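Peer 1: need a structure here:
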Amino acid sequence: GHFYGVTAMTVTNAELNDLFRWTPDIGMFATDRPINDTANHEGTCIHRTDFCDQTCYNMKLYKMYKGMADRDDRCETVWQKLSTFSAVEVQQWIAKKRKPTQRIRHMTRGEAFKNMADIHRVKAMCLDNPDVLWWIPTRAWRDDGLRLAIQEFLMPLPNCAINASFDPSNTDDEWRMMQDAGWNIMFFGDDDRTTAPNGDRMFKCPKTHKGLKGHCMDCKAGCFAQKTIDRTVVVHLSEH
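Peer 2: Below you'll find the model as predicted:
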């Protein structure tokens, strides 16, 4: 069958082992996509701000670890194979894991929602894996069409925790728009800022402010607030 113009292909267990890497820093499996263009794929961070370009932590890691870009390129090949037809293969992969799979993150590098096809990929994974809480920080809200599609197709799902990624370059109007639309916001880039433009106090991320390695797997607040305490929150990440 076809999926947004992409022919559904079989995804092997070895490919999924490459795509989903165990990330002890946050205590869960996570996926990655290429930030910049590679030999085989276009970069995915197309919704980034100028602040992203100036401060990107992963770009520094790319320079330190030459194999990271190659792996992200392989991950993109696997990601493009995933479709509504292959989400069950992800389900089978999850069932075999010995490490915790109650929560999985898209993406620690790159953008989860480059286009509409990505939204439907993630929706299929959420529906086929209802026991997993899929955590997704994203800049795709900056695209009007993708923002509305995320609100329609993903935010109502009980196991999809979406965070709008913000930085000091975002305007008060953007803050207002996203908070009015009921989004959780993840703010990074100014350790001295403690409140949102509307006066809401930000929630200090325990993992980045207190160095609690692996805390994201158990956190009930912050990034997961909409799914655990039924209200939106602005999360403040400390600078690297």
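
Peer 1: residues in contact with stretch 218-237?
Peer 2: 27, 133, 135, 137, 155, 158-163, 179, 182-188, 193-194, 196, 200, 202-209, 216 (CB atoms under 8 Å, 6 or more residues apart in numbering). (Each C-beta comes from the backbone N, C-alpha and C, glycine too.)

Peer 1: which of these fall within helices?
Peer 2: Among those, the members found in helices (DSSP state H) are 179, 206-209.

Peer 1: name the single longest helix found in this structure.
Peer 2: Longest helix in the chain, counting by DSSP H: helix 67-81.

Peer 1: so for the following helix or strand past that helix, mean pLDDT?
Peer 2: Per DSSP states H and E, the first helix or strand lying C-terminal to helix 67-81 is helix 87-96. When pLDDT is averaged over helix 87-96, the result is 90.

Peer 1: now do stretch 18-26
Peer 2: On average, stretch 18-26 scores 95.

Peer 1: gap between the two ends of that stretch?
Peer 2: 18 Å (CA to CA, to the nearest Å).

Peer 1: can you check stretch 215-227 too?
Peer 2: End-to-end for stretch 215-227, by CA to CA: 17 Å.

Peer 1: buried ones in it, by neighbour count?
Peer 2: 215-217, 219, 222-227 (16 or more other CB atoms under 10 Å).

Peer 1: okay, and which of these map to strands?
Peer 2: Assigned to strands by DSSP state E, none of the buried residues of stretch 215-227 qualify.

Peer 1: and which of these is nearest to residue 58?
Peer 2: residue 216 (17.3 Å; CB to CB).

Peer 1: and the nearest residue to that closest one once chain neighbours are set aside, what does it touch?
Peer 2: Excluding its sequence neighbours, the residue lying closest to residue 216 (CB to CB, 6 or more residues apart in numbering) is residue 26, at 4.0 Å. Taking CB under 8 Å, 6+ apart, we find residue 26 in contact with 105, 108, 207, 214-217.

Peer 1: one more: residue 195?
Peer 2: Residue 195 neighbours (CB under 8 Å, 6+ apart): 201-202.

Peer 1: returning to what we had before: show the buried residues in the contacts of stretch 218-237.
Peer 2: 27, 133, 135, 137, 159-163, 179, 183-188, 196, 202-205, 207-208, 216.
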